[in-house]
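Trainee: One predicted model, sequence on top.
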Protein chains: 2
Amino acid sequence: MRQALGAKILALPTPVWVVGAFDQNGDPNAMTAAWCGVDCSKPPCLGVSLRAATYTHGCIMARKAFTLNIPSAAQAREVDYFGMASGRDARKLETAGMTWSQGSKVDAPCINEFPITVECRLAHTAELGLHTRFTGEIMEVWASQDILDEQGRPDMALVEPLLYNPGTRLYAKAGDAVGSAFSIGRDLI
Amino acid sequence: MRQALGAKILALPTPVWVVGAFDQNGDPNAMTAAWCGVDCSKPPCLGVSLRAATYTHGCIMARKAFTLNIPSAAQAREVDYFGMASGRDARKLETAGMTWSQGSKVDAPCINEFPITVECRLAHTAELGLHTRFTGEIMEVWASQDILDEQGRPDMALVEPLLYNPGTRLYAKAGDAVGSAFSIGRDLI
């Protein structure tokens, strides 16, 4: 039996990524976002939606670049802090005890402690209402060697990325593997 | 130690949702997408990116409506099939043994067997390259009663939604809860 829940954001799960950007002083800022994902394959693009009121929104508009940093569930406390405090008031990376490196391809900070960082060049913006969708072309991906599989690809079980449920406001982490895409449903074709 | 992996889609995880749409004959179609997520809070919008070559792309352009259906990991086989076959050649819902209902607010099919269906009115499109980003305003959400928590919200542990790793092409499912957002990092403020 199904029931109607109204016109609410009750989709799940969403990824939980940390946006890195420089402010007008050249200081690095980190902000957590859950309205994010892959926007396009060619050119390869990730997207993140931010409110205009956020500090990071202005930073991206000015520099036309950002990073998306993919945390591990073990970093949930720091990630949650990055989603509550503002770069207007705090040096969030210092407070969280994290460090950063200059992007190799774009003018944005890579946060060293996260297992994966994706450098993005702002390619497209869409004003959708409260949120602006920033679509960034992927220019480089950095990963910790200890989360790569034998073929050099990030392994979900090693990263243990964070998920978010907008309805309950609970974080979860990725769990067990289920099977290979373009494979486990092949018998139905 | 970090290493550069190149300009590839190696972000993770992505959600795995099934897009429902009517074709020009009024037949329901289902297509799996992993380039999807939340695009905006007000108005509440979900987004999904599709290649122009897909059957569903034309369906959405014509009807200006679609549903996003959130599967459980137990439905991975059917979901994988929906991502491989085309509605041009197959009646995918029938093949998978699934049923549908007319959307209550939009002109698109709700797939009954999935734990959650979100009805979306096409609100914005962006041509990003190989993919078009369809942003749909949420008009209604339907959920199976057996995946709701005590407060009537979808429970991630009961839904057990699917995740995808674009690098390895492996599905996983959501795992254990990690804590409450806007809470577990509060001591750092």
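Mentor: Done, it's in.

Trainee: any idea which helix or strand carries the closest residue to chain B within chain A?
Mentor: Nearest to chain B in chain A, going by C-beta to the nearest C-beta, is A:Gly175, at a distance of 2.4 Å. Where you see a C-beta, it was placed from the backbone N, CA and C, and this is true even at glycine. Taking DSSP states H and E as the definition, A:Gly175 sits inside strand A:170-180.

Trainee: Pull up the pairing partners for the longest strand seen in chain A, direction included.
Mentor: For chain A, the strand that runs over the most residues, judged by DSSP state E, is strand A:131-144. Within its sheet, and counting by DSSP bridges, strand A:131-144 is paired with strand A:45-51 (antiparallel), strand A:116-127 (antiparallel), strand B:2-4 (antiparallel).

Trainee: And the helices in chain A, which stretches?
Mentor: Using DSSP state H, the helices of chain A run over A:55-63, A:76-84, A:92-96, A:156-159.

Trainee: buried residues in the strand holding A:Gly175?
Mentor: Buried residues in strand A:170-180, counted by 16 or more other C-beta atoms under 10 Å in any protein chain shown: A:170-175, A:177-178.

Trainee: TSV for these, including distance to A:Arg91 and pLDDT?
Mentor: Shown next, in TSV, are the buried residues of strand A:170-180 (distance: C-beta to C-beta, whole Å; pLDDT from 0 to 100):
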residue	distance to A:Arg91	pLDDT
A:Leu170	28	98
A:Tyr171	24	98
A:Ala172	29	98
A:Lys173	28	98
A:Ala174	30	97
A:Gly175	34	95
A:Ala177	39	95
A:Val178	41	97
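
Trainee: which one among the residues you listed gets closest to A:Leu50?
Mentor: Checking these against A:Leu50 with C-beta to C-beta, the nearest one is A:Tyr171 at 19.4 Å.

Trainee: So what pairs up with the closest one in the strands?
Mentor: Residues in beta-bridge contact with A:Tyr171 (DSSP bridges): A:Tyr164, B:Gly179.

Trainee: Tell me who's in contact with it.
Mentor: Applying C-beta atoms under 8 Å, 6 or more residues apart in numbering or on different chains to A:Tyr171 gives the contacts A:16, A:73, A:76, A:80, A:162-165, B:177-181, B:184.

Trainee: Now the buried members of the residues you listed.
Mentor: A:16, A:73, A:76, A:80, A:162-165, B:177-178, B:181, B:184.

Trainee: now the residues you listed as a markdown table including distance to B:Arg153?
Mentor: Below are these laid out as a markdown table (distance: C-beta to C-beta, whole Å):
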| residue | distance to B:Arg153 |
| --- | --- |
| A:Val16 | 18 |
| A:Ala73 | 21 |
| A:Ala76 | 20 |
| A:Asp80 | 19 |
| A:Leu162 | 19 |
| A:Leu163 | 15 |
| A:Tyr164 | 13 |
| A:Asn165 | 8 |
| B:Ala177 | 13 |
| B:Val178 | 17 |
| B:Ala181 | 14 |
| B:Ile184 | 19 |
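
Trainee: returning to what we had before: how about the residue of chain A closest to chain B: what's its closest non-neighbour residue?
Mentor: With C-beta to C-beta, 6 or more residues apart in numbering or on different chains as the criterion, A:Gly175 has its nearest non-adjacent residue at 2.4 Å, and that residue is B:Gly175.
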